[in-house]
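Novice: pasting the sequence and the predicted model now:
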Amino acid sequence: MNQKTKYWHVDNTVDDWLAYPQAQQAVKEAAELLQRNELVAFPTETVYGLGGNGLVDKTVEKIYIAKGRPSDNPLILHIAEEEQLEQLAEEVPPLARALMEAFWPGPLTLVLPKKAGVAQRASAGLDTIAVRMPDHPLALALIRAAGLPIAAPSANLSGRPSPTTGRHVQEDLEGRIAGILDGGPTGIGVESTVVDVTGEVPLILRPGGITAEQIADITGEVAVDPGLTVEGAAPRSPGMKYRHYAPEGEMWLVTGANVEAMAEMIRRHADEARREGKKVGILATRESASFYNKNDIVLACGERASLISVAQHLYDVLRRFDEEKVDLIFAETFLENGVGAAVMNRLNKAAGGKRL
Ligand code: TXA
Ligand code: MG
């Protein structure tokens, strides 16, 4: 694949950035490409998405090819107005309505009964469809201008960490897609929460930006797919069975009663690996970065005191370990409350479940 990839940089540091002619022009050009069934990457509040017309199977096929994505893994359709749901969902259960009202636009994807015959390729032939309304001004403006539901998986090559900056998208997809709309770093840093709302109780298929606690506040009850945590149980969401977010170095998660205990364990393993001539990466935090040997690649992934900041920096840190070509990565672990559940889910997948 060697396509010319158009790059728009939209300056998001100014007030009311969408009012600027340069931003409007970028959105207009990107929307025209989407209408012509080309692929355009764009920012959302979670991670960058690789967008294409979700209603045209041939276009969705191009998304799978550009990413190298397994073809049985369905995509999320992104909408800007609730009315767009009528095209996609057979029905919108009251449970779904309540969650939409509380969290849309926002990092919540709803799995709904699909309208027969639509978006066959985007839903990978399932009879359900995943839909979300992203909370990002550029994403919403682009979807509105295109006037289409936009199928958009994360804009990374399959198996790589999701992109949280325009540069990450460029690294993976330059030459493979028609355009990249760069609106600066994304805010949340991990993907949306995927919730199946076809049953009585909302079922979390993928932890993400909206926490289980927040969902339970609205619906009273919430369940988590046992396939996410119970060994040997198959995840319900096709995407969760793949070893995603994998850095190239071999990664180990380190648990401990507190950060000092984790650091001690990591230092021991890092010293040994270094003596064997291996290049070592350490996923630390602002609080702990100074605990480690300066000869290792020590990266602070936000602040332990703020799980939100850890989520924001996670994928960039994983990509930097790849750039540094480390052989081994030792990662501190985090509490699983709030967005910590999503952080630990991604770290577990990155490490292929390996723990020390
Ligand atoms: O934050 C996000 O959700 C980002 C941004 C770009 O919006 N998108 C994203 O898409 O993470 P993707 O394709 O990387 O992940 C979609 C997830 C996969 O795990 C997929 O298996 C699941 O949603 N999914 C999609 N349709 C589904 C369905 N009908 N039933 C169950 N799981 C579904
Ligand atoms: Mg993804």
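Specialist: All right, it came through fine. Ligands and ions are numbered 1, 2, ... in the order given.
Novice: now the closest residue to Lys114 other than its chain neighbours: how far from Gln120?
Specialist: Closest residue to Lys114 apart from its sequence neighbours, by CB to CB, 6 or more residues apart in numbering: Ile129 at 4.0 Å. Where you see a C-beta, it was placed from the backbone N, CA and C, and this is true even at glycine. Look at Ile129 and Gln120: by CB to CB, to the nearest Å, they are 10 Å apart.
Novice: of the two, which one has the most company?
Specialist: Ile129 (25 against 14; other CB atoms under 10 Å).
Novice: can you name the residues of the stretch 201-350 of the chain sitting close to ligand 1?
Specialist: Residues of the stretch 201-350 of the chain lying close to ligand 1 by CB under 6 Å from any ligand atom are 205-206, 237-240.
Novice: what's the PyMOL syntax to select whichever of the residues you listed are buried?
Specialist: Restricted to buried positions by 16 or more other CB atoms under 10 Å, the PyMOL selection for those reads:
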select buried, resi 205+206+237+239+240
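Novice: and the pLDDT for Arg243?
Specialist: Arg243 carries a pLDDT value of 62.
Novice: do the same with Gly117
Specialist: Residue-level pLDDT assigned to Gly117 equals 89.
Novice: try the one 3 residues further on
Specialist: At Gln120, the pLDDT value in this model is 93.
Novice: can you check the one 10 residues further on too?
Specialist: Among the per-residue scores, Ala130 holds a pLDDT of 98.
Novice: quick check: next helix or strand after the helix or strand hosting it?
Specialist: Assessed by DSSP states H and E, Ala130 sits inside strand 128-132. Using DSSP H and E, the helix or strand that follows strand 128-132 in sequence is helix 137-146.
Novice: what sits up against that following helix?
Specialist: 10, 17-18, 23, 27-28, 30-31, 34-35, 40, 42-45, 49, 51, 53, 78-81, 105, 133-134, 149-150, 181, 183 (CB atoms under 8 Å, 6 or more residues apart in numbering).
Novice: C-terminal to it, what's the next element?
Specialist: Next along the chain from helix 137-146, counting by DSSP H and E, comes strand 150-151.
Novice: chain center to that following strand: distance?
Specialist: Taking CA atoms, centre = their mean, to the nearest Å, the mean C-alpha location of strand 150-151 is offset from the chain mean by 15 Å.
Novice: that one near ligand 1 at all?
Specialist: No - counting by CB under 6 Å from any ligand atom, ligand 1 is not contacted by strand 150-151; separation bottoms out at 8.6 Å.
Novice: how about stretch 300-311: buried residues?
Specialist: Counting neighbours by 16+ other CB under 10 Å, stretch 300-311 gives 300-302, 304, 307-311 as buried.
Novice: again with stretch 87-101
Specialist: 87-89, 92-93, 95-96, 99-100.
Novice: among those residues, which are in helices?
Specialist: 87-88, 95-96, 99-100 (DSSP state H).
Novice: ok, so of those residues, who is nearest Thr255?
Specialist: Comparing these against Thr255 with CB to CB places Leu99 closest, at 32.7 Å.
Novice: so who does whichever residue of the stretch 251-356 of the chain sits closest to ligand 1 touch?
Specialist: With CB to the nearest ligand atom, the shortest gap between the stretch 251-356 of the chain and ligand 1 falls at Ala342, namely 10.1 Å. Ala342 makes contact with 190-191, 193, 207-209, 311, according to CB under 8 Å, 6+ apart.
Novice: between those residues, which sits nearest ligand 1?
Specialist: Lowest distance from ligand 1 to these (CB to the nearest ligand atom) belongs to Glu191, with 3.5 Å.
Novice: let me know the pLDDT of the closest one.
Specialist: Looking at Glu191, the pLDDT reads 97.
Novice: with Glu231 instead?
Specialist: Per the predicted model, pLDDT is 69 at Glu231.
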